[in-house]
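Q: Quick one: sequence and predicted model below, then my questions.
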Amino acid sequence: MKLTVNGSELQINSDSDTPLLWVLRDELNMVGTKFGCGIAQCGACTVHLEGRAIRSCVTPVSAVAGKQIQTIEGQADEKGLSTVQRAWLETDVAQCGYCQSGQIMAASALLSENPNPTDAEIDTAMAGNICRCGTYPRIRTAVHLAARWMTEEQSA
Amino acid sequence: MSENRSSGGLNRRRFVQAGGAFLFAAQCPVTFSRKAHAAGAGSMMNSFVRIDPNNVITLLANNSEFGNGAYTVMSMMLAEELDVDYRSIALEAAPTTPEYYSPLFREYLTAGSVTTGSTFMPMRTAGAKARAMLLEAASRDWQVPTDELGTHGGQVTHAGSGRSSTYGELLETIHRLDIQPPETVTLKDPSEFAILGKPARRYEGAGKVDGTAQFGIDIKLPGMLYGAIARPPVHGGSVVDFDATDALTMPGVVKAKAIRAGVVVLADSYWRAQKARAKLKINWDRGTNDGVSSEQFYADYRALADTPGLLAEDIGDAIGALDAAEASKRVVEATYEMPLLAHATLEPMNCIARVEGDTCTVWSGTQYQSNDQEVISRFLGIPQQNVTIHRPLMGGSFGRRSSKTADYTVEAVEAAMGESVPVQIIWSREEDIRSGHYRPLFVHKLRGSVDESGMPEAWHQVAVGQSLMQGSKHDPGYMVRGMDIYSLDGCLQEPFGVFPYGTSYQIPNHRVESHNAPRLGIVPQEWRSVGHTHTGIAYECFLDELADKGGIDPMALRLRLTKDHARMNRVLSVLKEKCDWDKPLAPGRGRGVASRIYNISPVAQAVEVTVAENGDFTVDRVVCVVDCGFAVNPLGIEGQVEGGLAYGLGGVAFGNIDIVNGEVQQSNFHDYPVMRLPQMPKVEVHILPSDEPPTGIGEQATTPIGPAVVNALFNATGRRVRRFPLSSQGFNLV
């Protein structure tokens, strides 16, 4: 089976029913995507499939063969961190940091669909991503900051 | 003892005094290596600082990082005295040896919100002593007096001659002249601080946005096997026998074996191990906890609360005053009931172990290295120093990873015994919720009266719940006459054991009793802010019941009760103003207040709620005022306050572990809900300026939020909740 992860086509040998999460972590050694619940309840495993946020812990790898997958490792490019990542750093969002890969992937999917979300839209879009450290106020701030920076970058 | 450079500005004595019990003791520096010595290419300047010839400064950190900000504050303190950027400091976990034990706990333990307070002097002293050696080296090399030298950006400079050397370049001189650490050293005066007291972003923040931060679950070792454990349905159950025939036919599965924790399946991937675990057929002995239930705990504890407990405090004559007040109907009685709670760290428990001959190596996210080492050495029958503990970052802990039984660590060791490769055990979320350790269930029975002016006159409280410390190695250290000091945390007016004081309120007749409930059904465990998680609700809500009885405003009541406690009184005064306490609210809205002192930081919160007809409510605004002494990192403090109250609010709003017939009924986030973004209130944090030594902030905000919300719900609806969580009483946080 072949997977396209962060722009690279990769041959994988995991059993076809293996959730994408464990293929990424255990076979491809891309451990930035996290295990939190295994039943799509916490969002720690969020990755992008064709640009949309999905829960990799309940997505069998066979279902995503040949499609474009992006993980936290693919957020940065040759120019450096993504705008969302920079906003996260600027706002000093992370505490333990375990959920933040998933939060950043969820936020970047949100912003690609809605470049200027309201607080309520952020709450709705990010409700599936649990942060046990309670960094929620800074998550809201960082999403707004990323939105502003993205708008500025586009008009520059 | 160190001295400061000048007496100007802030109160210098307060920064250096070591008076008082408990936390103030932590202001004393720990023992340092007396001699500098070469270590690899670099030099150990003292126990905490290594400098390499390439000018890399390494901090050996003896406090663990699980979101608490330990790495940030420790590197800031060291960097301050060495005049370098705190983010230029390399950080290494200090080894698990007595030299690095916490001066407060006398163990290798990160807990109790004491990292900042207990490292404030040691880290600065370590930096200042290293700097003194570098200055001496430059002074002797260049034949100039040390007071003509300065340090900046990792260099020693001499303005007069324009000479400069990096710290790394001076190592050669230090060795050649055998320069040793000074006995005493002068620390910077707070007025000279360039780093401390200024907002600083998280030291290890970059890896937490690009996915490279390494947690225990992320570690891969050559040949490592993954283990999934089938655990007994009842706590304390055990394996009678099992049939792994089907499991062993599955691809990648290597072995299945019984260990004390259950049956472990080892495979070449975690997914395969999990799948094979589902195929095991296990005959369980359900053990002595079969049949226990939460409802029975409540019933038993209520019955116990009606009987005399161990007497913790008896000031004045509470019983007499209460009996006398009955006639004039100035007495209130209430019983508060708090459920079992799981920690639900987002990174599930996990551990890698490798056993080779009489040595053992583990990679474990843990708050409690020395205990893990002890438990493993006892289990394997090997010397303690043969157990090496590597410490990755932790995906949250909230007390769960300070396990006194070292449960998730020693089981990995047991699973790795007899294997020629390392074994990693990862818990599923279901195991975490069903088979973990819990905040014990508690019942507090209260009876109180008000005097003719409406002020509280008598208070009689009986606390019933499982002790955290009884029978552990901390018994008797954290026990007083058979009572667990955590069961009564913040309920007493007099000092109790190692706690210098509990509540900031003064009520003239004050009697508190305690029952240690039978050790049954679960393993009790510290949960962020420990005893306050239940005592805070009981005390602060019942205080509001008395305020209501006496017809006194809850804020005014607290201000009057704290008139002899200057720090809390100041916190409450500021809170009253910042939260617009006297501003009327629309119908359906309510306001509540609560205050607590945890590890000597006074914290108070006021909340505003809006309640719908059906009981759905929102927490619209939280104002939190904290006095945690000198604020080392205001940005980190704000984060701990926001996060701490989110953790506490989730627990009070919907946290509930229910045991029926010995089995935990919840299993994952769908039936053990936790705070999510839409439920998170707007939070305003006010840090009071202070020149007292820094004290804790990691757990302090967790407790007031619960009772403040309960009090606000009463204010909005006239309905008083005394059984938790709120969701079980028709109030749903949305």
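A: Yep, it's here.

Q: Next, count neighbours for the residue of chain A found nearest chain B.
A: For chain A and chain B, the shortest gap (CB to the nearest CB) falls at A:G32, measuring 2.3 Å. Where C-beta positions appear, they are placed from N, C-alpha and C, glycine not excepted. A:G32 sits with 25 neighbouring residues when counted by other CB atoms under 10 Å in any protein chain shown.

Q: what's the closest non-adjacent residue to it?
A: Distance criterion CB to CB, 6 or more residues apart in numbering or on different chains; nearest residue to A:G32, sequence neighbours excluded, is B:G211 at 2.3 Å.

Q: Just list the residues touching the one you found, thanks.
A: Counting by CB atoms under 8 Å, 6 or more residues apart in numbering or on different chains, B:G211 touches A:M30, A:V31, A:G32, A:T33, A:T71, A:I72, A:E73, A:Q75, A:S101.

Q: domain parsing for chain B?
A: Domain ranges of chain B: B:3-205, B:216-288+B:349-426, B:294-341+B:438-733, per automatic domain parsing.

Q: do the same with chain A
A: Here the domain parsing of chain A from automatic domain parsing is A:2-74, A:83-155.

Q: name the element the spatially most central residue of chain A belongs to?
A: By CA atoms, centre = their mean, chain A has its centre lying nearest to A:M105, at 1.9 Å. Using DSSP states H and E, A:M105 maps to helix A:100-113.

Q: packing partners for that helix?
A: With contacts taken as 3 or more CB pairs under 8 Å, 6 or more residues apart in numbering or on different chains; DSSP states H and E, helix A:100-113 sits against strand A:46-49, strand A:52-55, helix A:83-91, helix A:119-126, helix A:136-155.

Q: coming back round to it: looking at the domains of chain A, which is nearest to B:T116?
A: Of all these, domain A:83-155 sits nearest to B:T116, with 14.9 Å by CB to CB.

Q: Looking at chain B, what residue ends up closest to chain A?
A: Among all residues of chain B, B:G211 sits closest to chain A, at 2.3 Å; criterion: CB to the nearest CB.

Q: quick one: pLDDT of that residue?
A: pLDDT recorded at B:G211 is 98.

Q: Now stretch B:264-278: buried residues?
A: By 16 or more other CB atoms under 10 Å in any protein chain shown, the buried positions in stretch B:264-278 come out as B:264-277.

Q: Likewise for stretch B:386-393?
A: By 16+ other CB under 10 Å, the buried positions in stretch B:386-393 come out as B:N386, B:V387, B:I389, B:R391, B:P392, B:L393.

Q: Confidence-wise, which of these comes last?
A: Lowest pLDDT of the buried residues of stretch B:386-393: B:R391, 93.

Q: Distance check, it against B:Q470.
A: 29 Å (CB to CB, to the nearest Å).

Q: coming back round to it: ignoring the adjacent residues along the chain, who's closest to the residue nearest to the centre of chain A?
A: Nearest one to A:M105, counting by CB to CB, 6+ apart, is A:T46 at 4.3 Å.

Q: residues touching the one you found, list them.
A: A:T46 touches A:T33, A:A53, A:I54, A:R55, A:S56, A:S101, A:G102, A:Q103, A:M105, A:A106, A:A109, A:N129, counting by CB under 8 Å, 6+ apart.

Q: and the fifth one, how many neighbours does it have?
A: Here the count is done by other CB under 10 Å, and A:S56 has 28 residues near it.

Q: same deal with the first one?
A: Other residues near A:T33 come to 25 when the count uses other CB under 10 Å.

Q: Which other helices and strands does the helix or strand where B:K257 lies contact?
A: Element membership for B:K257 (DSSP H and E) is strand B:253-259. Contacts defined by 3+ CB pairs under 8 Å, 6+ apart place strand B:253-259 against strand B:238-243, helix B:245-248, strand B:262-267, helix B:270-277, helix B:407-416.

Q: Now distance to A:S16 and mean pLDDT too, for the ones you listed, in JSON lines please.
A: Converted to JSON lines, the helices and strands packed on strand B:253-259 look like this (distance: least, CB to CB, whole Å; pLDDT from 0 to 100):
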{"stretch": "strand B:238-243", "distance to A:S16": "27", "mean pLDDT": "98"}
{"stretch": "helix B:245-248", "distance to A:S16": "20", "mean pLDDT": "98"}
{"stretch": "strand B:262-267", "distance to A:S16": "17", "mean pLDDT": "98"}
{"stretch": "helix B:270-277", "distance to A:S16": "12", "mean pLDDT": "98"}
{"stretch": "helix B:407-416", "distance to A:S16": "28", "mean pLDDT": "98"}
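
Q: Dump those to JSON lines, plus distance to chain A.
A: Shown next, in JSON lines, are the helices and strands packed on strand B:253-259 (distance: least, CB to the nearest CB, whole Å):
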{"stretch": "strand B:238-243", "distance to chain A": "23"}
{"stretch": "helix B:245-248", "distance to chain A": "15"}
{"stretch": "strand B:262-267", "distance to chain A": "10"}
{"stretch": "helix B:270-277", "distance to chain A": "4"}
{"stretch": "helix B:407-416", "distance to chain A": "15"}
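
Q: Let's have those in a markdown table, adding distance to B:P678.
A: Formatted as a markdown table, these follow (distance: least, CB to CB, whole Å):
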| stretch | distance to B:P678 |
| --- | --- |
| strand B:238-243 | 43 |
| helix B:245-248 | 42 |
| strand B:262-267 | 37 |
| helix B:270-277 | 31 |
| helix B:407-416 | 32 |
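
Q: Determine which of the ones you listed approaches B:A38 most closely.
A: Counting by CB to CB, B:A38 lies closest to helix B:407-416 out of the helices and strands packed on strand B:253-259; the figure is 33.7 Å.
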